[in-house]
Structures are given as structure tokens and as C-alpha cells.
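Student: predicted model and sequence below, questions to follow.
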Amino acid sequence: MYTQIIEKAGRNSAFLAFMNLLKKKIRLCIRRMIQHYQMAQTYSQYLGMVKKQSI
């Protein structure tokens, strides 16, 4: 049943294009989330350094 749907979708190029667009958007979101997480980590490390210096 499920494989038949995929086969039909495979023939429909519009659906394939939509899926590719979705994949790209998801990858972009994940990349942004990783960047924000890394920025947050470096910022917290920076704050930790500042706190140590002030003590």
C-alpha cells in the first residue's frame, strides 16, 4: 500500500520538487539551530570568564 503511494508520487515531479524543497528547508533550520546553540555556548563561556575575572 505505502510503496504504491511512493511509486505514484515518484511519477509526479511536482510532489518530488516539493519534497526536495521541504528537505532543504529542514536542513537549513537544523543548521541555524546548531549555529544558535554554538553561539549560546560561546556566550555562556564568555560570561563565565567575565564572572571569574570580577571575583
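Tutor: Looks like it arrived, so ask away. Numbering: from 1, shown residues only.
Student: can you give me the helices for the protein?
Tutor: 2-11, 13-54 (DSSP state H).
Student: a markdown table for those, including mean neighbour count?
Tutor: Every residue, glycine included, has its C-beta placed from N, CA and C. As requested, the helices of the chain are exported to a markdown table (neighbours: other CB atoms under 10 Å):
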| stretch | mean neighbour count |
| --- | --- |
| helix 2-11 | 9 |
| helix 13-54 | 10 |
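Student: pick out the shakiest of those helices, pLDDT-wise.
Tutor: Of all these, mean pLDDT reaches its minimum on helix 2-11 (a mean of 71).
Student: next, name the residue at the spatial heart of this structure.
Tutor: Ile30 (1.1 Å; CA atoms, centre = their mean).
Student: residues touching that one, list them.
Tutor: By CB atoms under 8 Å, 6 or more residues apart in numbering, the contact set of Ile30 is empty.
Student: ok, it to Phe15 distance?
Tutor: 23 Å (CB to CB, to the nearest Å).
Student: over to Leu28?
Tutor: Leu28 is 20 Å from Phe15, by CB to CB.
Student: ditto for Lys8
Tutor: From Lys8 to Phe15 the distance is 9 Å (CB to CB).
Student: try Gln53
Tutor: Taking CB to CB, one finds Gln53 at 57 Å from Phe15.
Student: then Lys51?
Tutor: Taking CB to CB, one finds Lys51 at 54 Å from Phe15.
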